[in-house]
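Enquirer: Got a sequence here, can you build the structure:
(chains A and B)
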There are 2 protein chains.
Amino acid sequence: MYSKKISNAVIKRLPRYHRYLGELLENQVTRISSKELGDRMGVTASQIRQDLNNFGGFGQQGYGYKVEYLYNEISQLLGLGKKYNVIVVGAGNLGQALANYLDFEKSGFVIKALFDVNPRLVGLFVRGIEVMDMDNIKVFVKNNNIDIAMLTLPKANASQIAVELVSYGIKGIWNFAPVNLEISDDSVVVENVHLFESLITLAYIIKNEEDPHTDDMYSMEIQ
Amino acid sequence: MYSKKISNAVIKRLPRYHRYLGELLENQVTRISSKELGDRMGVTASQIRQDLNNFGGFGQQGYGYKVEYLYNEISQLLGLGKKYNVIVVGAGNLGQALANYLDFEKSGFVIKALFDVNPRLVGLFVRGIEVMDMDNIKVFVKNNNIDIAMLTLPKANASQIAVELVSYGIKGIWNFAPVNLEISDDSVVVENVHLFESLITLAYIIKNEEDPHTDDMYSMEIQ
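Expert: Numbers count the residues shown, from 1 in each chain, chains lettered A, B, ... in the order given. From the prediction side, this is the model:
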């Protein structure tokens, strides 16, 4: 791995580079210039060059970057060469959608089981993965070296279950519940997907486009 | 509404304030000090005071902010007093999860129909809302003044459908497809939910916590 320091700002852009380079790979693009990549990503060519130099991605004049090489370097830097054992907690529509999403598995996130309290869901299989009773979660997490829990529980239950998962040894929680999990163990990583905030952002921008006298506030960042 | 200018940085924090204040309201908290709110949100009391002064939320010394008043002011500023007509395009698990999420409706996002090409889904009802055939989408959008499309299509179809939706008059697209929609109409707002990037971020931080010699790179922002 790299021993040089990479700035926070660059680190935060890695998942975006990963996505764009992945798209290029899928479209059989083998090389790309900093200008063309910058145009696609909405940043300057100079920004691209500065960023990618951090990952050993030195483009050649008139030749461009090697897409696959850069994609692999960034994947490795992001920890995507690794395999993660994952459970989905909450097997409703959202939990099932996550379990069905094959791209996760291709990138090393292997879903081992879903869990739910609903007896109508327990025993079902989603893409061949069993929905188990919540009563079994403690033993399952411990016996299967589960790294990550994808949490799709209602707000009311999410925090308590999260605390329990942490006590069973979970390292990371991908939280979809619209609540701030109160995890006291600093070594556990919580990444929140605040869907409602994203929807509100959309509404805010639509409203301001319709309402020109507040145009000075049209500023919310669209990723 | 407000005629004073509010900085971009403050605007971006509005949905977060909205969420925290909403939680306080649900927990029957009527007043809160800048220190306490700051502690919950992980920002300084001084930051809270600066931000909230923008919305007429002048707290009183030793008395705190009125939670409901601030919540309502911020809701209005975000355009949440308005009603938005919404369709869900793609009625798979994720689309159904979105249609089932009652909090959206409570905030004015009224889901009028779901659409899918899959004949096994067409004709079903999700929370009383019909799944319609994609063939009907053009007429439906035009006749029902649809503002927002929640797009949960596979990557391969998302861009083309998005372009069609824009031509039918959609104002905003909430995009869950892992692809950059190429919308030429600048007045259409696209808000992306890049789930995979969020998951990658989680993996990245877990990896770095396990790998102390790269600790200098532990920096990715956890929202």
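
Enquirer: how about stretch A:155-166, does it get close to chain B?
Expert: No. Taking C-beta under 8 Å from any C-beta of the partner chain as the criterion, stretch A:155-166 and chain B are apart, separated by no less than 8.8 Å. C-beta here means a position set from N, CA and C on the backbone, and glycine is covered the same way.

Enquirer: pLDDT of that stretch, averaged?
Expert: Averaged across stretch A:155-166, the pLDDT comes to 92.

Enquirer: how about whichever strand in chain A runs longest as PDB, C-alpha atoms only?
Expert: Scanning chain A for the longest strand, with DSSP state E as the assignment, gives strand A:109-116. Only the C-alpha atoms of strand A:109-116 are listed here, as PDB (Å, rounded to 0.1, in the frame of the first residue of the first chain):
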ATOM      1  CA  PHE A 109     -19.600  -7.700   0.200                       C
ATOM      2  CA  VAL A 110     -21.000 -11.200   0.700                       C
ATOM      3  CA  ILE A 111     -24.400 -11.300   2.300                       C
ATOM      4  CA  LYS A 112     -24.600 -14.300   4.500                       C
ATOM      5  CA  ALA A 113     -28.100 -14.000   5.900                       C
ATOM      6  CA  LEU A 114     -31.100 -11.700   6.400                       C
ATOM      7  CA  PHE A 115     -32.800 -11.300   9.800                       C
ATOM      8  CA  ASP A 116     -36.300 -10.300  10.700                       C
END
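
Enquirer: helix or strand right after it?
Expert: The helix or strand immediately downstream of strand A:109-116 is strand A:125-126, counting by DSSP states H and E.

Enquirer: ok, back up a step: figure out how far the longest strand of chain A is from the centre of its chain.
Expert: Offset of strand A:109-116 from its chain centre (C-alpha atoms, centre = their mean, to the nearest Å): 16 Å.

Enquirer: same for that strand, what does it pack against?
Expert: strand A:84-89, helix A:93-100, strand A:129-133, helix A:137-143 (3 or more C-beta pairs under 8 Å, 6 or more residues apart in numbering or on different chains; DSSP states H and E).

Enquirer: hmm, who's touching that strand?
Expert: For strand A:109-116, the external contacting residues (C-beta atoms under 8 Å, 6 or more residues apart in numbering or on different chains) are A:83-92, A:95-96, A:98-99, A:104-105, A:121-122, A:126, A:129-134, A:136-137, A:140, A:144, A:146, A:148, A:150, B:199, B:203.

Enquirer: What angle do helix A:93-100 and it make with each other?
Expert: 150 degrees (axes from the mean of the first three to the mean of the last three C-alpha atoms, to 10 degrees).

Enquirer: Compute the inter-axis angle for strand A:109-116 and strand A:129-133.
Expert: Using the same axes, to 10 degrees: strand A:109-116 against strand A:129-133 is 40 degrees.

Enquirer: Now do A:Ala45, the pLDDT please.
Expert: With respect to pLDDT, A:Ala45 has a value of 89.

Enquirer: residue contacts, it?
Expert: A:Ser33, A:Ser34, A:Lys35, A:Leu37, A:Gly38.

Enquirer: Mind jotting down where the helices sit in chain A?
Expert: With DSSP state H as the criterion, chain A has helices at A:8-26, A:34-41, A:45-53, A:67-77, A:93-100, A:102-106, A:137-143, A:155-167, A:195-210.

Enquirer: ok, the shortest one near chain B or not?
Expert: Put plainly, it is helix A:102-106. Yes. Using C-beta under 8 Å from any C-beta, we find that helix A:102-106 touches chain B at A:Asp103, A:Phe104.

Enquirer: which secondary structure elements does that helix contact?
Expert: Counting contacts by 3+ C-beta pairs under 8 Å, 6+ apart, helix A:102-106 is packed against helix B:195-210.

Enquirer: shouldn't A:Val141 be in contact with A:Ser167?
Expert: No. Contact between A:Val141 and A:Ser167 fails when scored by C-beta atoms under 8 Å: they sit 9.6 Å apart.

Enquirer: Between the two, which has more neighbouring residues?
Expert: A:Val141 (24 against 11; other C-beta atoms under 10 Å in any protein chain shown).

Enquirer: pLDDT score assigned to the more buried one?
Expert: On the pLDDT scale, A:Val141 gets 97.

Enquirer: go on, the one 3 residues further on?
Expert: At A:Asn144 the predicted local distance difference test score is 96.

Enquirer: Name the nearest residue to it, sequence neighbours excluded.
Expert: Take A:Asn144 and drop its neighbours on the chain: the residue closest to it by C-beta to C-beta, 6 or more residues apart in numbering or on different chains is A:Lys112, 5.4 Å away.

Enquirer: contacting residues around A:Leu199?
Expert: With C-beta under 8 Å, 6+ apart, A:Leu199 has these contacts: B:Phe104, B:Phe109, B:Trp174, B:Glu191.

Enquirer: Apply 6 Å and report the result again.
Expert: B:Trp174 (C-beta atoms under 6 Å, 6 or more residues apart in numbering or on different chains).

Enquirer: now A:Ser184
Expert: By C-beta under 6 Å, 6+ apart, A:Ser184 has no neighbours at all.

Enquirer: and chain A, what are its domains?
Expert: Per automatic domain parsing, the domain ranges recorded for chain A read A:8-77, A:84-192.

Enquirer: mean pLDDT lowest for which of those?
Expert: domain A:8-77 (a mean of 84).

Enquirer: neighbours around the residue nearest to A:Asn144, how many?
Expert: A:Lys112 has 17 nearby residues by other C-beta under 10 Å.

Enquirer: how close does it sit to A:Gly92?
Expert: According to C-beta to C-beta, to the nearest Å, A:Lys112 and A:Gly92 sit 18 Å apart.

Enquirer: returning to what we had before: can you tell me which of the domains of chain A is most buried?
Expert: Most buried of those, by mean neighbour count (mean count of other C-beta atoms under 10 Å in any protein chain shown): domain A:84-192, with a mean of 19.
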